[in-house]
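Participant: Model the following, please.
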Amino acid sequence: MTQENRSWEDRYQKKDTPWDSGIPSTELTRCLDQFQISPCRVLEMGCGTGTNAVFLAQKGFQVTAVDLSSQAIEEGRMKARQAGVQVDFRQADVLNAPEFGEPFAFLFDRGFYHVARRVDLEGFQKVLHQHSEPGSLYLTLAGNANEASPEGEGPPRVHAHEMCLELSTWFDLVVLHEFRFDGIVRNGHPFRPLGWSGLWRRKA
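Facilitator: Okay, here's the model as predicted:
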């Protein structure tokens with residue numbers, strides 16, 4: 001296990017996961033409805049304990065959900081069993097571009113891109129290209145640099161121009177707007193950091 005893997009594993013085992021809201025993302029739900037994204041094969045990168053993966057499966061999507069942490073993946077599998085849905089959970093390093101079969105029509109992450117871009121941006125770009133096809137949609141929910149991080153708390157931040165530069169090689173921007181992450185609690189209080197919701201479409 002690498003130091004990076006161990007760090008994430010330790011945090012899940014210690015429940016030091018303030019990003020893990022335990023409720024499906026309101027912004028994900030809104031995008032599915034607004035853009036009428038129909039059930040299809042979907043890849044969730046950095047799925048954590050599987051809350052959004054299970055939600056998507058309940059909506060009829062065929063979900064492959066990936067995370068570094070074996071603890072998170074096991075919790076995700078338990079959630080899927082309890083919900084009575086099928087999710088293909090994989091414990092793997094997404095940035096090593098593992099094989100998942102045919103390309104996905106929809107790719108999603110809540111808080112993975114803004115971490116991955118600091119670790120291996122080129123590797124992340126390769127993953128997006130490898131697992132999508134022309135017309136595939138990619139929704140990323142990332143920290144927003146327009147809001148200062150209080151005392152170092154909250155998600156990593158990214159500027160809009162950085163996101164557009166980093167993702168536009170293979171994808172066209174459909175819409176980019178600000179939103180608030182929901183369901184997060186820090187020090188016993190609700191915490192709703194500012195985020196970017198970016199929906200992209202793979203170029204032909």
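
Participant: Doesn't residue 138 lie inside a helix?
Facilitator: No - the assignment for residue 138, made by DSSP: H, G, I helix; E, B strand; the rest coil, is strand rather than a helix.

Participant: separation between it and residue 116?
Facilitator: For residue 138, the distance to residue 116 equals 13 Å [C-beta to C-beta, to the nearest Å]. Backbone N, C-alpha and C define where each C-beta goes, glycine included.

Participant: now residue 189
Facilitator: Distance from residue 189 to residue 116, counting by C-beta to C-beta: 29 Å.

Participant: Compare neighbour counts for the two and give me the winner.
Facilitator: Each of residue 189 and residue 116 has its neighbours counted (other C-beta atoms under 10 Å); residue 116 has more, 22 against 7.

Participant: how many neighbours does residue 123 have?
Facilitator: Residue 123 is flanked by 15 other residues according to other C-beta under 10 Å.

Participant: Ok, residue 74 next?
Facilitator: By the measure other C-beta under 10 Å, the count of residues near residue 74 is 15.

Participant: Likewise for residue 77?
Facilitator: Residue 77: 17 surrounding residues under other C-beta under 10 Å.

Participant: in the helix or strand where it lies, what's buried?
Facilitator: Element membership for residue 77 (DSSP states H and E) is helix 70-83. For helix 70-83, the neighbour count (16 or more other C-beta atoms under 10 Å) marks 71, 72, 73, 75, 76, 77, 79, 80 as buried.

Participant: how distant is that helix from the center of its chain?
Facilitator: 16 Å (C-alpha atoms, centre = their mean, to the nearest Å).

Participant: outside of that helix, which residues touch it?
Facilitator: For helix 70-83, contacts defined as C-beta atoms under 8 Å, 6 or more residues apart in numbering pick out 8-9, 12-13, 47-51, 53-54, 57-58, 65, 67, 86-87, 89-91.
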